[in-house]
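*Asks:* What shape does this take:
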Amino acid sequence: MKSKKSSAREYLLANGEMGVISTALSLTVSFVSAISVLGMPSEIYMHGTMFLYQIIAWIIGLTLSALVFMPKFRELNYTSIFEYLEKRFDRTVRLCVSFLFTIYMVIYMAIVLYAPALALSQTTGLNIWLSVISIGVICTFYSSIGGIKAIIWTDVLQFTFILVGLLPATIQGLIQLGGLKQTFLIASRDGRIEFDNVNFDPRTRHTVWTLIIGCSFNILAEYSFNQALVQRYLCVRSVRAARQVILINGIGIIIFILLLSLTGLVIYAFYANCDPYTAGFVSSSDQLFPYFVMEVLSNTVGLRGIFLACIFSASLSTISSGLNSLAAVFIEDVYQGLMRRRLNDEQLGRVSKIYSAILGAVVILLSFAVSYLGSVLNAALSLGGVFAGPIMGVFFLGFFFPRVQRRSALVGLLSGLGLQLWIFLGAQMTKNRGQSGRLPLSVTNCSKFNTTTLPLASMTTISYANE
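*Replies:* Numbering: from 1, shown residues only. The predicted structure is shown next:
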């Protein structure tokens, strides 16, 4: 796992020698975090299948990224994508955008680290903070020692764990329900199968317009202007190879979306007449998937452990990518850009490893604060919009508006950030007053169910659903 060379380019970009399939699988699992694995089934359970319209958004966003922005960054060949902003505007713009990206990634990684630890606490009763520290230390170790090569090859293994870990509970649920047809009949009867919401009311949770248009911009921002993902494009040999990476990644993402959505429908059909959330068996909707796994796999040795491996893998892949990308940002934008330190490539490689280790410790410490955030999944997704939107806007100005200069770019960045923060904070403060969009749930037959007891004392909501 340890990188044979100590150069910064090999540590951060693998010298552009990685294969297409391994890089594509790494890109896929970097985006499929533990938050997605725990949150998407509960989203389908609570709000129905409108969420599947995001598949169209994925196709649009990935196509634009592959045809327009990825070739541009391949041509520039900067280790840090924010170096472009200094060439186009000035160092101040570069450092401001780099700082925003760093803040966003550190917060997001702390949330992603906390999610699987919560799942472990739910299913085994082990101390949640012991889990946080263990996962964080393991991830920091292989990320800081091995660099991007170790991360990519570990991600390939984790892709298998995630895919295999999702299947046993879903398959067993289908068997107990009587198959796919019965599952869809129950879900359709209770309004979970929905694809016709074209409402223009911005308070509506999911509509065709918000999912296709909004998610398209979100995906475009992540796949075109997120350092962690753009680094993958530079790890392969050519533009053609990078496009193949994006294509295979897109197929993988769609497979995961469909599988997680099916899991959500299976969980709903299984509990159609006894909703664990309404009945008080779980305290938040994000606990539904682990609760379901505990129930349907209660008599099967080892399969619950596979589910835990799935959750851990989803978390590790996202955090490791984040640590490596922030090491690249620190070396290029701060250490050499701001501090003007000039070291040879081997020295920069050592600095990258040290910084990755320090950053991993910071993420572990910050994850302790995440437990006080309450509903953190919506917060995590919203934070992506708060930071990714203004960052994408600055790059758009640089690429498509040649007359715009540094002052205008800074004003646009700060005003966009302020507006997004205002919307985000307003949404958090008023979320219980709006239209949650949660579909009806039933507890009519709860007396017929044998309930499963989970250690709920330390649970914290990380759900897609506003509760």
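*Asks:* Around Ser298, how many other residues sit close by?
*Replies:* The number of residues packed around Ser298, counting by other C-beta atoms under 10 Å, is 11. All C-beta atoms are positioned from the backbone trio N, CA, C, and that covers glycine.
*Asks:* Check what pLDDT it gets.
*Replies:* According to the prediction, Ser298 has pLDDT 82.
*Asks:* Ser22: what secondary structure?
*Replies:* Secondary structure for Ser22, judged by DSSP: H, G, I helix; E, B strand; the rest coil, is helix.
*Asks:* isn't it right next to Trp153, touching?
*Replies:* Yes: Ser22 lies in contact with Trp153 (C-beta atoms under 8 Å); the separation is 6.6 Å.
*Asks:* low-scoring stretches of the stretch 51-200 of the chain, by residue?
*Replies:* 119-120, 122-124, 126 (pLDDT under 70).
*Asks:* Recalculate using a threshold of 80.
*Replies:* Counting by pLDDT under 80, the low-confidence segments of the stretch 51-200 of the chain come to 115-127.
*Asks:* Show me the helices in it, by range?
*Replies:* In the stretch 51-200 of the chain, the helices defined using DSSP state H, counting those that start in this stretch lie at 54-64, 70-76, 83-88, 91-124, 128-177, 180-189.
*Asks:* now stretch 312-323: how far from the chain's centre is it?
*Replies:* 9 Å (C-alpha atoms, centre = their mean, to the nearest Å).
*Asks:* What is the neighbour count of Ile171?
*Replies:* Around Ile171 there are 13 other residues, counting by other C-beta under 10 Å.
*Asks:* any idea which of the helices of the stretch 51-200 of the chain is most buried?
*Replies:* For the helices of the stretch 51-200 of the chain, ranked by mean neighbour count under the definition mean count of other C-beta atoms under 10 Å, the leader is helix 91-124 at a mean of 22.
*Asks:* follow-up on the earlier one: in CSV, list the helices of the stretch 51-200 of the chain along with distance to Gln244.
*Replies:* Formatted as CSV, the entries for these read as follows, by distance: least, C-beta to C-beta, whole Å:
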stretch, distance to Gln244
helix 54-64, 12
helix 70-76, 11
helix 83-88, 24
helix 91-124, 26
helix 128-177, 15
helix 180-189, 32
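*Asks:* what about Asn273, helix or strand, and which?
*Replies:* Mapping Asn273 onto the secondary structure by DSSP states H and E places it in no helix or strand at all.
*Asks:* Let me fix that, I meant to ask about Tyr291.
*Replies:* Here Tyr291, judged by DSSP H and E, is contained in helix 288-296.
*Asks:* before we move on, back to that, for Leu417, which of the helices of the stretch 51-200 of the chain is the nearest?
*Replies:* In terms of C-beta to C-beta, the element of the helices of the stretch 51-200 of the chain nearest to Leu417 is helix 91-124, at 7.1 Å.
*Asks:* relative to helix 288-296, how tilted is that closest one?
*Replies:* Between helix 91-124 and helix 288-296, the angle formed by their directions is 20 degrees, by axes from the mean of the first three to the mean of the last three C-alpha atoms, to 10 degrees.
*Asks:* so what does helix 91-124 touch, helix or strand wise?
*Replies:* Other helices and strands packing on helix 91-124, by 3 or more C-beta pairs under 8 Å, 6 or more residues apart in numbering; DSSP states H and E, are helix 34-47, helix 83-88, helix 128-177, helix 288-296, helix 303-329, helix 345-370, helix 376-400, helix 406-430.
*Asks:* could you dump those helices to a markdown table with distance to Ile246?
*Replies:* Shown next, in a markdown table, are the helices and strands packed on helix 91-124 (distance: least, C-beta to C-beta, whole Å):
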| stretch | distance to Ile246 |
| --- | --- |
| helix 34-47 | 19 |
| helix 83-88 | 20 |
| helix 128-177 | 15 |
| helix 288-296 | 29 |
| helix 303-329 | 16 |
| helix 345-370 | 26 |
| helix 376-400 | 17 |
| helix 406-430 | 26 |
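*Asks:* Please name whichever of those is nearest to Ala187.
*Replies:* Distance to Ala187, taken as C-beta to C-beta, is lowest for helix 34-47 among these, at 8.8 Å.
*Asks:* residues making contact with the closest one?
*Replies:* For helix 34-47, the external contacting residues (C-beta atoms under 8 Å, 6 or more residues apart in numbering) are 51, 111-112, 115-116, 119, 162, 166, 192, 205-206, 256-257, 260-261, 263-265, 267-268, 285-286, 288-290, 310-312, 314-315, 318, 377, 380, 437-439, 462-465.
*Asks:* same question, stretch 49-68
*Replies:* With C-beta under 8 Å, 6+ apart as the test, stretch 49-68 has contacts from 40, 43-44, 187, 192-195, 197, 206-208, 211-220, 222-224, 242-243, 246-247, 249-250, 253-254, 257-258, 261, 265.
*Asks:* Just the buried ones out of these, please.
*Replies:* Applying 16 or more other C-beta atoms under 10 Å to the contacts of stretch 49-68, the neighbour count classes 40, 43-44, 187, 192-194, 197, 206-208, 211-212, 215-220, 222-224, 242-243, 246, 249-250, 253-254, 257, 261, 265 as buried.
*Asks:* before we move on, back to that, compare the helices and strands packed on helix 91-124 and report which one is nearest to Ala279.
*Replies:* Counting by C-beta to C-beta, Ala279 lies closest to helix 288-296 out of these; the figure is 11.0 Å.
*Asks:* Just give the closest residue to Leu265, not the sequence neighbours.
*Replies:* Take Leu265 and drop its neighbours on the chain: the residue closest to it by C-beta to C-beta, 6 or more residues apart in numbering is Ala187, 4.8 Å away.
*Asks:* Could you pull up the contacting residues of that neighbour?
*Replies:* So Ala187 contacts Thr49, Ile193, Leu265, Tyr268, Ala269 (C-beta under 8 Å, 6+ apart).
*Asks:* Closest to Leu174 out of the residues you listed?
*Replies:* When those are compared for distance to Leu174, the smallest value, 8.9 Å, is given by Ala269; criterion: C-beta to C-beta.
*Asks:* for the closest one, phi and psi?
*Replies:* The phi and psi torsions at Ala269 (degrees, to the nearest 10) take the values phi -60, psi -40.
*Asks:* Surely it and Gln182 touch.
*Replies:* Yes: counting by C-beta under 8 Å, Ala269 does reach Gln182; the two are 7.2 Å apart.
*Asks:* How much space separates Phe195 from Arg243?
*Replies:* Relative to Arg243, Phe195 is positioned 30 Å away (criterion: C-beta to C-beta, to the nearest Å).
*Asks:* Kindly report the same for Val370.
*Replies:* Val370 sits at a distance of 36 Å from Arg243 (criterion: C-beta to C-beta).
*Asks:* ok, now Gly147?
*Replies:* Distance from Gly147 to Arg243, by C-beta to C-beta: 24 Å.
*Asks:* before we move on, what about Phe399?
*Replies:* Using C-beta to C-beta, Phe399 is found at 19 Å from Arg243.
*Asks:* ditto for Ser298
*Replies:* Ser298 sits 46 Å away from Arg243, going by C-beta to C-beta.
*Asks:* Arg203 too?
*Replies:* Going from Arg203 to Arg243 by C-beta to C-beta gives 39 Å.
*Asks:* again, but for Ala427
*Replies:* The value you get for Ala427 to Arg243, if C-beta to C-beta is used, is 36 Å.
*Asks:* swap in Ser216?
*Replies:* From Ser216 over to Arg243 the distance is 19 Å, taken as C-beta to C-beta.
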